[in-house]
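Q: coords below, sequence missing:
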């Protein structure tokens, strides 16, 4: 047998923070300078203990640029030898076998007031020291391509341009949440509508808030049944946002009139697209399956459609999907990205 690989992976995350120049209409991206390496790169950094890649991306972009941000479409990831950090020719350095893996998202500026609202759920973001980041500039795509020090960063820029061509800079996000683990139907003596989440389910619901906050939801909705309400209540309490109860999304209402449930969900999609905002909605397993049936044909690719599992349980309890929509040439919603969102419980 051959020797086992000694490869060790250091996990990191970051993103391309972008905006539309209000005078020229051009897309501009934010690039940072690191004095330690004298390089220009995307804002990024290592994951902290018990932190997801998406949370690290938002935190690191915020720390290194000084801007409050929210995540958009997924871009991709890169790997290179850790010993090559800061080097122009990263792949020519072997080092000790330790590899740095960096995951990247698109990110947009977030209103400061809403960032403060989300802070109890997301956690603190501290500005990077000057010896870590001493330059932050906004550049056009062409300027950034010339300014970036590393070829891997230019690779991510190419993925960003591909996303722009899809219309991702005009996408709206809807967070579809499956309620956290609930008490067993067999053991619960009350009505199904009153069946609560378990203590472990409550932990997952609390941990999920930190992940949902990365997408900066502005509107919370839920089935009025207790297990869904309880899943969303912590985020509501932390942010002060009201949870809007949607009668058509209970299990009984869906069974009685699946079309009415879909029409209601479709309205939430339209609201997100028309308002350019992020919504979060919590529902039940069978309702999710029904929504998936309508969502699959809206996916831009077959690969995306396969993300919407076609058989029960569809997705784990206490998990969510971040679904990014645009409008096609006919004005109909189209899905260009689906991200699985899971809580980290420790």
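A: Nice, I can see it. Not measured: the values here are computed from a predicted model.

Q: so what are the domain limits for the protein?
A: With domains defined by automatic domain parsing, the chain comprises 8-168, 171-341.

Q: ranges for the helices of the chain?
A: Using DSSP state H, the helices of the chain run over 53-65, 112-122, 141-147, 151-166, 199-212, 226-239, 251-256, 258-275, 285-295, 302-307.

Q: I'd like to know which of the ones you listed lies nearest to residue 134.
A: helix 53-65 (10.6 Å; Cβ to Cβ). From N, CA and C alone the C-beta is placed, and that goes for glycine too.

Q: angle of that closest one against helix 199-212?
A: Using axes from the mean of the first three to the mean of the last three Cα atoms, to 10 degrees, the inter-axis angle of helix 53-65 relative to helix 199-212 is 40 degrees.

Q: Now do helix 53-65, average pLDDT.
A: The pLDDT scores in helix 53-65 average 98.

Q: From the chain's centroid, how far away is it?
A: Chain-centre distance of helix 53-65: 12 Å, with Cα atoms, centre = their mean, to the nearest Å.

Q: Residues in contact with it: which ones?
A: 11-15, 17, 30, 32, 43-48, 51, 67-71, 103-105, 107, 122-123, 125-128, 132-133, 136, 210-211, 214, 339, 341 (Cβ atoms under 8 Å, 6 or more residues apart in numbering).

Q: among the residues you listed, which ones are buried?
A: 11-15, 17, 30, 32, 43-45, 47, 51, 67-71, 103-105, 107, 122, 125, 128, 133, 136, 210-211, 214, 339, 341 (16 or more other Cβ atoms under 10 Å).

Q: Identify the residues contacting residue 27.
A: Taking Cβ under 8 Å, 6+ apart, one finds 18-21, 140-141, 164, 169 in contact with residue 27.

Q: Looking at these, which are in strands?
A: Among these, the ones falling in strands (DSSP state E) are 18-20, 140.

Q: that older thread, keep only those of the contacts of helix 53-65 that are in strands.
A: Among the contacts of helix 53-65, DSSP E puts 11-15, 17, 30, 32, 44-46, 69-71, 103-105, 107, 136, 339, 341 in strands.

Q: Show me the shaky parts of this protein.
A: 1-6, 88-95 (pLDDT under 70).

Q: separation between residue 119 and residue 165?
A: 34 Å (Cβ to Cβ, to the nearest Å).

Q: Looking at the two, which one has more neighbours?
A: residue 119 (15 against 9; other Cβ atoms under 10 Å).

Q: Between the contacts of residue 27, identify the one with the most neighbours.
A: Across the contacts of residue 27, neighbour numbers were computed from other Cβ under 10 Å; residue 18 holds the maximum, 22 neighbours.

Q: so what's that residue bridging to?
A: Applying DSSP bridges to residue 18 gives these bridge partners: residue 29, residue 108.

Q: right, and it touches residue 75 too?
A: No - contact criterion Cβ atoms under 8 Å: residue 18 and residue 75 do not qualify, at 11.0 Å.

Q: Between those two, which contacts overlap?
A: Common neighbours of residue 18 and residue 75 (Cβ under 8 Å, 6+ apart) are 106, 160.

Q: was I right about residue 320 contacting residue 175?
A: Yes - Residue 320 is in contact with residue 175 according to Cβ under 8 Å; the separation is 5.2 Å.

Q: shared neighbours of those two, anything?
A: Among the neighbours of residue 320, those also in contact with residue 175 (Cβ under 8 Å, 6+ apart) are 212, 280, 341.

Q: Which residue, other than its chain neighbours, is closest to the last one?
A: Taking Cβ to Cβ, 6 or more residues apart in numbering as the measure, residue 341 lies nearest to residue 320, with 4.1 Å between them; neighbours along the chain are not counted.

Q: tell me the contacts of the one you found?
A: Taking Cβ under 8 Å, 6+ apart as the definition, contacts of residue 320 comprise 175-178, 208, 211-212, 280, 341.

Q: Nearest to residue 332 among those residues?
A: residue 176 (18.7 Å).

Q: Spatially nearest residue to the closest one (excluding sequence neighbours)?
A: residue 321 (4.7 Å).

Q: same question, residue 44
A: For residue 44, the closest residue by Cβ to Cβ, 6+ apart turns out to be residue 14, at 2.5 Å.

Q: next one: residue 224
A: In space, and not counting its chain neighbours, residue 224 is closest to residue 245: 4.1 Å by Cβ to Cβ, 6+ apart.

Q: which residues sit in contact with residue 163?
A: By Cβ under 8 Å, 6+ apart, the neighbours of residue 163 are 73, 75, 106, 169, 336.

Q: from those, which single one is nearest residue 325?
A: residue 336 (7.4 Å).

Q: give the contact list for the closest one.
A: Applying Cβ under 8 Å, 6+ apart, the residues near residue 336 are 73, 163, 166-168, 171, 300, 304, 324-326.

Q: Which of these ranks first by neighbour count?
A: residue 324 (28 neighbours).

Q: Isn't that one up against residue 73?
A: Yes - using Cβ under 8 Å, residue 324 is in contact with residue 73, at 5.6 Å.
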